[in-house]
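Novice: Could you work out the structure for the sequence below:
(2 chains)
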Protein chains: 2
Amino acid sequence: MPIFNAPVQDIQFVLQDVLKVTTTGVPGYEDLEADFTSAVLEEAGKVARDVLAPLNASGDAEGCVLENGTVRTPKGFDAAFAAMKDGGWTALDCDPEYGGQGLPYLMGTAVGEIFVSANMAFNMYQGLTHGAYSAIHTHGTDAQKAMYLPKMVSCEWTGTMNLTEPHAGTDLGMMRTKAEPQDDGSYAITGQKIFISAGEHDLADNIIHLVLAKAPGGGESTKGISLFIVPKFLVNEDGSLGERNGVTVGSIEHKMGIHGNATCVMNYDGAKGWLLGDLHKGMKAMFTMMNEARLGVGLQGYAVAEAAYQNAVVYARERLQGRDVTGTKNPDGAADPLIVHPDIRRALMDQKSFVEGARAFTFWGAHLIDRSVRMGDAEAEGLISLMTPVIKGFQTDKGFEMAVQAQQIWGGHGYIEENGMSQFVRDARIAQIYEGANGIQALDLVGRKLAQDGGKHVMAFFEIIKTFIKEHQDDAQMKPFTDPLKAASKDLQAAAMYFMQNGVKNPNNALAGSYDFMHMMGHVCLGLMWARMGKAALDGLAAGSGDKAFLETKIATGRYYMARHLPATGMHLARIESGADPVMALAADAF
Amino acid sequence: MPIFNAPVQDIQFVLQDVLKVTTTGVPGYEDLEADFTSAVLEEAGKVARDVLAPLNASGDAEGCVLENGTVRTPKGFDAAFAAMKDGGWTALDCDPEYGGQGLPYLMGTAVGEIFVSANMAFNMYQGLTHGAYSAIHTHGTDAQKAMYLPKMVSCEWTGTMNLTEPHAGTDLGMMRTKAEPQDDGSYAITGQKIFISAGEHDLADNIIHLVLAKAPGGGESTKGISLFIVPKFLVNEDGSLGERNGVTVGSIEHKMGIHGNATCVMNYDGAKGWLLGDLHKGMKAMFTMMNEARLGVGLQGYAVAEAAYQNAVVYARERLQGRDVTGTKNPDGAADPLIVHPDIRRALMDQKSFVEGARAFTFWGAHLIDRSVRMGDAEAEGLISLMTPVIKGFQTDKGFEMAVQAQQIWGGHGYIEENGMSQFVRDARIAQIYEGANGIQALDLVGRKLAQDGGKHVMAFFEIIKTFIKEHQDDAQMKPFTDPLKAASKDLQAAAMYFMQNGVKNPNNALAGSYDFMHMMGHVCLGLMWARMGKAALDGLAAGSGDKAFLETKIATGRYYMARHLPATGMHLARIESGADPVMALAADAF
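Specialist: The predicted model follows:
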């Protein structure tokens, strides 16, 4: 069975040495002293190792079963969910007014990484509830918040998001679910939603569905869409559960992965729903949650890769096969361990340097959200809006690629389901698809975010890089970081320039290069993160503080990323600069 | 259910217009007139579409079951296997002396592609038999050939390859299976083999296992290994089946994909075996089959991608979502089809240009094997030896990547097993692993093949490219092919030069870049193939012969490959030139 150990030291390094959280002045960050965050992370690590990870493979093998109108989750999920609730883990970064612990979103993200690595499918029950909690917290009336949030903070009730319909995925304007106003101020919701994660299950007393639907008077486009709260059981005035609402699970999907999470077809048959936020402003209400939800999926990308990587390392150390060509390393054994071989090292370093870079990027994103929410920092809000599609799209693509590489190290044994490496690959795959397929992320980045507010945010990003390079380029120890970062960001700027100059005469010149741009920007962002981490590690070494071997490893890992990953930007630039013509040359019927 | 239509016109284009098979002077190629090959391919296409493809998804869902010591294959496999036998498809390129039809290996490859695309797992039963047939045909005595080959040509008996043991995969020197000489000239084989594809099943009357084992006197290394024929049922003098041999299936594996093929643990308990080829020369006997077997796996890489691509195209044409930003294309519909969107085009063009390039490369490889075997062409033998790890490693990596891209086009629906896109991804994954994991292919390429015969073969390859560019660089229509090919091959030569200059002082400088080199070389090879295909298509247009729209599509697809895939070589070169240091910087316990 795969192992998992929470990478607490690596997480602490980003929080304390790179972000230096307590010095940022963000309200609430003053609590995040190293001792405190370490204690929380260690404790989360124990839950992850002892409670969640042991259910990962069994949950995959067993899957969810639809029986008599409800979904039975895999054996042990109910006890584990109870442990998560009892430990207060579901309430970590929620509002104290509703029973939350009030920790910053950054801290919820750090702990969330650990839980996702241990058991991605299981953690979705809580993760989706958190998303629904945020939507109600931001857009709900006081009465709605009082009615739903305390139970959702504790996860006695869980939540869902209902967007997709059979014929309407990305293109939500085509949705058909209707909301008819009723005399009592509620709406009758009728329609079918698909791909509803945790739509039905046996882990909670009630399920609070957030449903996009069209109410009269809004027109046919996305502008006519409103957001509704539709509980599985109606809630009485006193908070007790009332009658069953008109929402049922039609079927559950047989999927490639995340078998432990029920993906449901939900049928709404005149179900009672209450408007959340403004009428006909449902898309806006959904979008305010997007940054958070997409950052959460970007986190899944590298968190699953972290778990896969840990198991690749175990195998590379234990499996004896072949000899080190530069001299035998294990003379008493029949062969040397795999880890002596350069190509195995390449694969492990690829994984390690990606995961650690992505962690820093994701935590920076969570920090920007905290700055935006807790301080009203407009620049932070602009930056995270720009970065969100990159965190989601780039990190889930690379996370999947790295899970595949980790599986590859196991050779034929990696293809056997019982060894668990296949599950990492199958689970990681969904993160590239849901919460906006990665092609949509690229479109969002190039079609919307680059030009947002007159291009202010991307200029701010380039300025951050420029300033960093200027500050550190004369430091010889930093050159292996600053030189590649400079070259890569120059490529990225050239690509942005290409879009500006050629996208006006033909928008396809920008759109055909959008996917490459997203990946390019991902590399530049992780390059910036590694440059910051390199600097923090060098400072730690100079100060003689901290774990010397750990800091040296950090620097070597960062140098690997700069030397071996960043050269991808040149390739992406060349692809982008070939423009729309090669991409659009064929007639649709020539494929 | 996924569709599959044999790409006969594309296959014909490579055979007739690019390779111009009948003009090559290879004995047997004189039969390959366009009308003949077209008839064979069309017929194979019907079998693939009507018999094999309909069993692909059901075979995946049902899988193989071990019952009472034998394996039950999925429903319909027996009837389909009978149809393959009755149609003479298993005998296509086998020796007429043993009942084969004597067609060139190239023709077997072209037909094989169609069958693999339709149902990879099913086709392995026949594919492995062909590999065992080749081994016996090359190394067997006349008596062995007479005893086994006729039944293997007809697939009344199937074959297997037994190499791997639990602790010995790549490192076969560690194997423990023993062969004890018996008085009657046979050997008693004892040991356990794992990952034996088609090791046991219900499709044939007998199974002829080829087993690597150690006979006394050969020492402990791979040098002590011999190859043995171990039939499931002993064969009497008259060819009838005798008693059951001491070989049994211990269990079958629960795998990520290729569920329709039984992957078996085989236990040999003093089983009667007969030496095949020379004593203690078993590795050599295995290696003579390697080129063919690895080419077959490289074919699986792109053949599965072809099937996935066809289904991505169907979905991209049918699924209505969003509008073309340059102007509505489907005004009467609720939205435009996906195929109008540039990023969908990018993904489809990536797939199409890879698959068609890989087909040409694989067919060229098969043609080199025919030249080597049928004409004793030493240069062809050297070239295919060099190309084999590239065909296997590069094409299976890219084939998997393209299957993932095809699945991605289906969005959330691609993640649902019933739609079949997941199966393409899960099936394609194994090709990167078996028949030598792709890291081993890279090692074979850089550690062995580059320097083989004093580097003669790689020099010959560079000479082919140089000559092609020289001949065509003044042709303006060929510039979009020759310019990128020139730049990419320059990168490849620089990488080879780096290995020469730095590999001597530290072999890890070469090995750390081996994987990148394999991919680089793959791109250069496909670039060369596209340049040839471009030329053939331009010639066809100039002559006014052939299907104009088809030829123009071919040129546009090739230009896409040159513009969008070939820039990868610069990235790989930069990675290679960063040398072993970043890769090997960490101590083994720092991971």
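Novice: Is A:Gly382 located within a strand, as I assumed?
Specialist: No. Counting by DSSP: H, G, I helix; E, B strand; the rest coil, A:Gly382 is located in no strand; its state is helix.
Novice: got any ranges where the stretch 251-400 of chain A has weak pLDDT?
Specialist: For the stretch 251-400 of chain A, the stretches flagged by pLDDT under 70 are A:288.
Novice: tell me which parts of the stretch 51-200 of chain A are close to chain B?
Specialist: Where the stretch 51-200 of chain A comes near chain B, counting by Cβ under 8 Å from any Cβ of the partner chain, the residues are A:164, A:167-171, A:174, A:194-195. Heads up, the C-betas are built off the backbone N, CA and C, glycines and all.
Novice: Mind giving me the ChimeraX command for buried ones among these?
Specialist: In ChimeraX syntax, the buried subset of those is picked out as below (16 or more other Cβ atoms under 10 Å in any protein chain shown):
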select /A:164,168,169,170,171,174,194,195
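Novice: so who does A:Asp343 touch?
Specialist: B:439, B:442-443, B:511-512, B:514-515 (Cβ atoms under 8 Å, 6 or more residues apart in numbering or on different chains).
Novice: Give me the nearest residue to it, chain neighbours excluded.
Specialist: Closest residue to A:Asp343 apart from its sequence neighbours, by Cβ to Cβ, 6 or more residues apart in numbering or on different chains: B:Gly439 at 4.4 Å.
Novice: So the one you found: helix, strand or coil?
Specialist: helix.
Novice: okay, now it: neighbour count?
Specialist: 26 (other Cβ atoms under 10 Å in any protein chain shown).
Novice: Could you tell me what pLDDT the model assigned to it?
Specialist: Model confidence at B:Gly439, given as pLDDT, is 98.
Novice: pLDDT score for the residue of the stretch 101-250 of chain A found nearest chain B?
Specialist: Per Cβ to the nearest Cβ, A:Asp171 is where the stretch 101-250 of chain A lies closest to chain B, at 4.3 Å. What the model reports for A:Asp171 is a pLDDT of 89.
Novice: Show the backbone phi and psi for it.
Specialist: Main-chain dihedrals, A:Asp171, degrees, to the nearest 10: phi -90, psi 80.
Novice: Let me know whether it touches B:Gly333 as I believe.
Specialist: No. With contact defined as Cβ atoms under 8 Å, A:Asp171 does not count as touching B:Gly333 (11.2 Å).
Novice: shared neighbours of those two, which are they?
Specialist: Common neighbours of A:Asp171 and B:Gly333, counting by Cβ under 8 Å, 6+ apart, are B:Leu320.
Novice: which ones are touching the residue nearest to A:Asp343?
Specialist: Per Cβ under 8 Å, 6+ apart, neighbours of B:Gly439: A:341, A:343-344, A:347, A:408, B:514-515.
Novice: same thing with A:Arg374?
Specialist: Contacts of A:Arg374 (Cβ under 8 Å, 6+ apart): A:26-28, A:104.
Novice: go on, A:Leu566?
Specialist: Contacts for A:Leu566 (Cβ under 8 Å, 6+ apart) come out as A:484-485, A:487-488, A:523-524, A:527.
Novice: Could you work out the most separated pair of the residues you listed?
Specialist: For the contacts of A:Leu566, the farthest-apart pair by Cβ to Cβ is A:Ala487 and A:His523; their separation is 11.0 Å.
Novice: So for the two, which residue has more residues nearby?
Specialist: Neighbour count, other Cβ under 10 Å: between A:Ala487 and A:His523, A:His523 has more, with 27 against 17.
Novice: What does the residue nearest to A:Cys94 when sequence neighbours are not counted show for phi and psi?
Specialist: Computed as Cβ to Cβ, 6+ apart, the closest residue to A:Cys94 that is not its neighbour in sequence is A:Gly100, at 2.6 Å. Phi and psi for A:Gly100, reported as degrees, to the nearest 10, are phi -80, psi 170.
Novice: Counting neighbours, what do you get for A:Gly100?
Specialist: Neighbours around A:Gly100, by other Cβ under 10 Å: 22.
Novice: Hmm, A:Gly88 and it touching each other?
Specialist: No. Between A:Gly100 and A:Gly88 there is no contact under Cβ under 8 Å: 9.2 Å.
Novice: Can you list the low-confidence ranges for chain A?
Specialist: A:288.
Novice: can we see that at 80?
Specialist: Across chain A, the ranges flagged by pLDDT under 80 are A:287-291.
Novice: thinking again about what came up before, any figure for the gap between the residue of the stretch 101-250 of chain A closest to chain B and A:Thr177?
Specialist: Counting by Cβ to Cβ, to the nearest Å, the separation of A:Asp171 from A:Thr177 is 14 Å.
Novice: Now for A:Glu243: which residues touch it?
Specialist: Contacts for A:Glu243 (Cβ under 8 Å, 6+ apart) come out as A:233-234.
Novice: Just give me the longest helix of chain A.
Specialist: Scanning chain A for the longest helix, with DSSP state H as the assignment, gives helix A:282-318.
Novice: Okay, domains of chain A per the record?
Specialist: The record assigns chain A these domain ranges, following automatic domain parsing: A:285-438, A:443-590.
Novice: Okay, the residue of chain A positioned farthest from its centre and B:Ala587: tell me how far apart.
Specialist: Computed with Cα atoms, centre = their mean, the residue of chain A farthest from its C-alpha average is A:Asp332, at 44.8 Å. A:Asp332 sits 19 Å away from B:Ala587, going by Cβ to Cβ.
Novice: What parts of the stretch 251-400 of chain A come near chain B?
Specialist: So the stretch 251-400 of chain A meets chain B at A:253-257, A:313, A:316-317, A:320-322, A:325-326, A:334-335, A:337, A:339-349, A:352, A:400 (Cβ under 8 Å from any Cβ).
Novice: so which of the domains of chain A is the most packed in?
Specialist: Of all the domains of chain A, domain A:285-438 carries the top mean neighbour count, a mean of 23, counting by mean count of other Cβ atoms under 10 Å in any protein chain shown.
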